[in-house]
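> The following block contains a protein sequence and its predicted model.
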Amino acid sequence: MTDTHASCTSTTGNPLIYLDDLTVGDRFKSGEYAMDEAQIISFAAQFDPQPFHLDDGAARATLFGGLAASGWHTAAVTMRLQVTSGLPIAGGIIGAGGELSWPRPTRATDVLHVVSEVVQIQPSKSKPDRGMVTVRSETRNQHGDVLQISTVRIVVPRRPGAAAVTA
């Protein structure tokens, strides 16, 4: 996990991170989140009502070979983990685009955590109070299997007053 010198803290007690605190290669690890069958079915019923997300028996006849969480459910849990414990970005995690893939299905017995790494930092030329940071994240289960890979660009504010000093 990165070591910052932030003076403010998030609602979870983690120091808030500004653009000025980040360097390429910084890594962050979130807390954990336990999946279960009821959550998978409930999410799918509301947002992705496909048989392999709704019924274990039906899912056994598919390439999943059993009940699998929607990729969007995995993405939502990933976001929760990053917001609550993995990426304490000042101002919140504001996405500006990215890529998402699901190399393995998320199962009802999985306990998820997210490992993120800063891969690019680009201070804004037109808005000196912020910049864009590219973060690559892997959502893993308790065995270390990678269930989701995301590479996203997020808007990260500069520390208050920092833009005036470097402008």
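Thanks, I have the structure now. What you see is a predicted model; the values in this text were computed from it and never measured.
> CA only for contacts and neighbour counts going forward, please
Noted.
> Where do the helices of the chain begin and end?
37-47, 51-54, 56-60, 71-81, 162-166 (DSSP state H).
> weakest of these in terms of mean pLDDT?
Sorting the helices of the chain by mean pLDDT places helix 162-166 lowest, at a mean of 58.
> didn't Q82 look like it was pressed against V115?
No - Q82 lies out of contact with V115 (C-alpha atoms under 8 Å); the separation is 9.1 Å.
> The two: which has the busier surroundings?
More crowded of Q82 and V115, by other C-alpha atoms under 10 Å: Q82, with 24 against 21.
> ok, and the closest non-adjacent residue to that one?
S30 (6.2 Å; C-alpha to C-alpha, 6 or more residues apart in numbering).
> out of the helices of the chain, nearest to N141?
Using C-alpha to C-alpha as the measure, helix 71-81 is the one of the helices of the chain that comes nearest N141, at 10.8 Å.
> Tell me the spacing between T109 and M35.
6 Å (C-alpha to C-alpha, to the nearest Å).
> Name the residue in those two with the higher neighbour count.
More neighbours surround M35 than the other of T109 and M35, with 20 against 12 (other C-alpha under 10 Å).
> so what's that one up against?
If you count contacts by C-alpha atoms under 8 Å, 6 or more residues apart in numbering, M35 has them with 107-112.
> If I look at it, what pLDDT would I see?
pLDDT, M35: 98.
> Report the separation between it and A69.
9 Å.
> just D48 next, same as before
Separation of D48 from A69 (C-alpha to C-alpha): 9 Å.
> Mind checking which of these two has more residues around it?
Between D48 and A69, A69 has the larger neighbour count (other C-alpha under 10 Å), namely 24 against 19.
> So that one versus E37, what's the distance?
9 Å.
> Which neighbours do these two have in common?
Residues touching both A69 and E37 (C-alpha under 8 Å, 6+ apart) are A108.
> about what we covered before: intersection of neighbour lists for M35 and A69?
Common neighbours of M35 and A69 (C-alpha under 8 Å, 6+ apart) are 107-108.
> E37 - nearest residue in space that isn't next to it in sequence?
Per C-alpha to C-alpha, 6+ apart, closest to E37 is A108, 4.8 Å.
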